[in-house]
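Engineer: Take this sequence and fold it.
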Amino acid sequence: MIKNTFLTLIILSISIVYAQIENEVEPPYNIKTISFVQNNKNVLPFFKLGESFELQFDDLYGNEADYYYTITQYNYDWTPTNLAKVEYLNGIDNQRIITYENSFNTLQLYSHYKQQFPNKYNRITKTGNYVLKIFNDEQEIVFSRKFIIYNESVSVASEVRRARDFESLNEKQNIELSINYGDLILQNPIKNVKISIFKNGNWKEQISNIKPQYTIGTELIYKYNKETQFWAGNEFYTLDNSQIRVTNNSVSRVTSGDIYNSHLYTNNARKNGIYTYFPDFNGNFIVLNSNSENSEVEADYSWVYFTLNAPNLFNNETIYVTGMFNNYATNEENKMTYNKESGFYEKAILIKQGYTNYHYTLLDKNKNIDYKEALDGNFYQTENNYTIIVYYRGNSDRYDRVIGITNTNSEGIRN
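Structural biologist: Take a look at the predicted model:
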């Protein structure tokens with residue numbers, strides 16, 4: 001009896017471990033400007049099976065340290081898959097990143113790393129959710145990043161509409177979509193087809209586990225009133241220090257020391273203002289030194305000083321400067337502090353030269369993002385990009401396939 005109980009506890013413990021949801025590991029201070037790159041542009045981490053992409057990052061220590069990577073597949077809900085690695089990866093991972101180069105003509109020394117996928121050592125053979133983990137030479141994890149590999153086996157149509165409920169009519173955007181699987185044979189699609197909707201490629205702003213509302217022939221229809229709504233937010237701010245010694249409409253002054261210091265104009269919380277359109281990159285960033293030929297290693301770093309004029313916070317609420325440049329991380333490195341003398345919230349962050357989108361993220365007392373009370377408000381007119389991922393897992397399948405993808409933009413939002 002005791003033996004059976006002991007075995008049961010072991011099995012339950014193993015099940016709990018393997019059922020854990022995978023979260024991204026944020027990097028230490030010296031690792032900066034992590035991005036997925038295609039055609040020399042930072043892109044959202046959604047890639048078609050077989051197409052080429054790169055992971056790039058900088059190490060501010062600049063000592064040409066050795067880094068290694070592994071690739072792991074996950075289920076729709078980011079719990080570990082039941083597949084063995086040989087079933088989704090052709091070749092061997094845990095390879096050293098051998099493509100790197102030291103910065104040139106910069107005040108901030110750094111080593112720039114690039115790893116291309118697929119490569120001569122390994123190739124992903126199945127669609128699905130994946131996590132790329134980077135390790136140091138002592139096999140300690142340095143950081144990790146999620147990405148998704150897909151095929152386009154189904155047709156996905158989508159559009160952005162204003163919210164239909166009166167309470168959030170002016171503050172939310174609603175995503176309507178349909179999935180047409182045509183001649184593709186799907187077992188019990190109502191149950192086995194799943195979707196995830198991402199706003200501006202941010203893993204923290206997604207809607208999942210929404211079933212089709214109804215079907216028409218081979219079409220799965222999603223026309224919910226509330227279940228697929230997002231808080232609209234506001235346009236991102238844009239930092240331009242592509243000419244690092246020059247002031248402009250975002251940089252009020254530049255000072256120099258060991259490296260450059262870019263002091264930005266004070267941003268005023270826009271929650272109680274009217275909506276104003278500002279062109280942005282929907283949270284993305286562009287590494288650029290306007291006076292160089294190769295910005296990957298010739299773009300410098302500067303201390304960027306952010307200043308926000310916002311109402312005093314209560315109940316242990318906190319403010320963070322976030323964007324794709326720091327993976328929307330709400331950690332101490334991006335947390336603003338209140339200056340009692342100036343009456344402003346302030347933060348200095350080390351950022352690579354170029355064009356950088358950012359916004360201010362409010363966390364409530366429970367450390368959850370407070371979208372409703374966003375410091376810059378929510379306006380249905382805000383231009384946002386939405387990505388819809390379609391998964392399918394047949395009754396006897398052992399992993400979740402990604403069978404469709406589409407992008408839609410709220411620029412032409414409809415009533």
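Engineer: residues near residue 397, how many?
Structural biologist: If you count neighbours by other C-beta atoms under 10 Å, residue 397 ends up with 12. C-beta: built from backbone N, CA, C; applies to glycine.
Engineer: From residue 128, how far off is it?
Structural biologist: 11 Å (C-beta to C-beta, to the nearest Å).
Engineer: now do residue 199
Structural biologist: From residue 199 to residue 128 the distance is 22 Å (C-beta to C-beta).
Engineer: again, but for residue 227
Structural biologist: Taking C-beta to C-beta, one finds residue 227 at 24 Å from residue 128.
Engineer: which one of those two has more residues nearby?
Structural biologist: Ranked by neighbour count (other C-beta under 10 Å), residue 227 and residue 128 place residue 128 first, with 22 against 14.
Engineer: residues contacting the residue nearest to that one when sequence neighbours are not counted?
Structural biologist: Leaving aside its sequence neighbours, residue 128 sits nearest to residue 73 (C-beta to C-beta, 6 or more residues apart in numbering; 5.2 Å). Residues in contact with residue 73 (C-beta atoms under 8 Å, 6 or more residues apart in numbering) are 81, 83, 85, 88, 126, 128, 129, 130, 399.
Engineer: ditto for residue 153
Structural biologist: Contacts of residue 153 (C-beta under 8 Å, 6+ apart): 181, 184, 403, 404.
Engineer: Surely the last one touches residue 390?
Structural biologist: Yes. With contact defined as C-beta atoms under 8 Å, residue 404 reaches residue 390; the gap is 3.5 Å.
Engineer: ranges for the strands of the stretch 151-300 of the chain?
Structural biologist: Taking DSSP state E, counting those that start in this stretch as the criterion, the stretch 151-300 of the chain contains strands spanning 155-162, 172-180, 193-199, 202-208, 214-216, 219-222, 229-231, 237-240, 251-256, 260-264, 267-268, 285-287.
Engineer: Would you pull up how far the second one lies from the middle of the chain?
Structural biologist: Translated: strand 172-180. Mean-position distance between strand 172-180 and its chain equals 21 Å (C-alpha atoms, centre = their mean, to the nearest Å).
Engineer: pLDDT of that strand, averaged?
Structural biologist: In this model, strand 172-180 has a mean pLDDT of 97.
Engineer: and it, what does it pack onto?
Structural biologist: With contacts taken as 3 or more C-beta pairs under 8 Å, 6 or more residues apart in numbering; DSSP states H and E, strand 172-180 sits against strand 155-162, strand 193-199, strand 219-222, strand 229-231, strand 385-392, strand 401-409.
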